[in-house]
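Participant: I need the structure of the sequence given here:
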Amino acid sequence: MSDESKGERLDRELGELLQELRVILPGVQVLLAFLLTAPFQQRFAAIPGSMRNAFFAAIVCATLATAFLIAPSAHHRMRWRAGDKERLVRIGNQMAIVGTVFLAAAIVLALYVVTDVLFATNLAVITAIGGLVLFAGLWYVLPMVGRSGREPAGDGQAQESRGASSRR
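Facilitator: Numbers count the residues shown, from 1 in each chain. Okay, here's the model as predicted:
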């Protein structure tokens, strides 16, 4: 049985979520900055319409990723004394997951456009599929492998079995 109270658990979970977002955010911000400045380069005018569409989709995905990944911090700041940390942790976790989906999509789309411009469409498709498989495998499939279906939220024993020992 866990020796931490519900409040301590929520404090720890919120701290872990915000720390994870601190790791992700610089990458998504650099990607978005790159995507927003690329159209102002001279060579960008030579990109065909289909590549412009893929590039625009990458910008949209990077923007959505930025919005979803920053939202938990904004929610925390707006509601920090409201006493609803459990809701904040739950919604923040969901937003972070959605944000990483959009981040992966933005990276794959940008990879597709860059590879197509530098090499060929066939290689761009293969590279994008490879990137998609890589992100899906590392970010979504691997974390779910070996997961038992019996991990209720807030169960200290389940957290201990998952290796959540950062509080020690």
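
Participant: and the average pLDDT for stretch 130-147 is what?
Facilitator: Over the span of stretch 130-147, the pLDDT mean works out to 92.

Participant: dump it to CSV, keeping only the CA atoms.
Facilitator: Taking C-alpha atoms only, stretch 130-147 is exported to CSV below (Å, rounded to 0.1, in the frame of the first residue of the first chain):
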residue,chain,number,x,y,z
GLY,A,130,9.4,5.1,-41.5
GLY,A,131,9.0,8.2,-39.3
LEU,A,132,5.4,7.4,-38.6
VAL,A,133,6.3,3.8,-37.6
LEU,A,134,9.1,5.0,-35.4
PHE,A,135,7.0,7.6,-33.5
ALA,A,136,4.0,5.2,-33.2
GLY,A,137,6.2,2.5,-31.9
LEU,A,138,8.3,4.5,-29.4
TRP,A,139,5.7,6.9,-28.2
TYR,A,140,2.5,4.9,-28.2
VAL,A,141,2.9,1.1,-28.7
LEU,A,142,6.0,0.5,-26.5
PRO,A,143,4.5,2.2,-23.4
MET,A,144,1.4,0.0,-23.7
VAL,A,145,3.4,-3.3,-24.1
GLY,A,146,3.2,-5.3,-20.9
ARG,A,147,0.5,-3.1,-19.4
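
Participant: now do it: distance to the chain's middle.
Facilitator: Between the mean C-alpha point of stretch 130-147 and the mean C-alpha point of its chain there is a distance of 13 Å (C-alpha atoms, centre = their mean, to the nearest Å).

Participant: give me the contacts around it.
Facilitator: Contacts of stretch 130-147 with the rest of the structure, by C-beta atoms under 8 Å, 6 or more residues apart in numbering, involve 100, 104, 107-108, 111. Backbone N, C-alpha and C define where each C-beta goes, glycine included.

Participant: tell me which of these is nearest to residue 13?
Facilitator: Looking at those and their distance to residue 13, the nearest is residue 100, at 17.5 Å (C-beta to C-beta).

Participant: quick one, phi psi at the closest one?
Facilitator: Summarising the backbone geometry of residue 100 under the convention degrees, to the nearest 10, its torsions are phi -70, psi -30.

Participant: pretty sure it contacts residue 61?
Facilitator: No. Applying C-beta atoms under 8 Å as the test, residue 100 and residue 61 come out as separate, 11.1 Å apart.

Participant: settle it for me: which of those two has more neighbours?
Facilitator: residue 61 (24 against 19; other C-beta atoms under 10 Å).

Participant: now that one, nearest residue through space, not along the chain?
Facilitator: Spatially, and ignoring its direct neighbours in sequence, residue 61 is nearest to residue 106 (3.7 Å; C-beta to C-beta, 6 or more residues apart in numbering).
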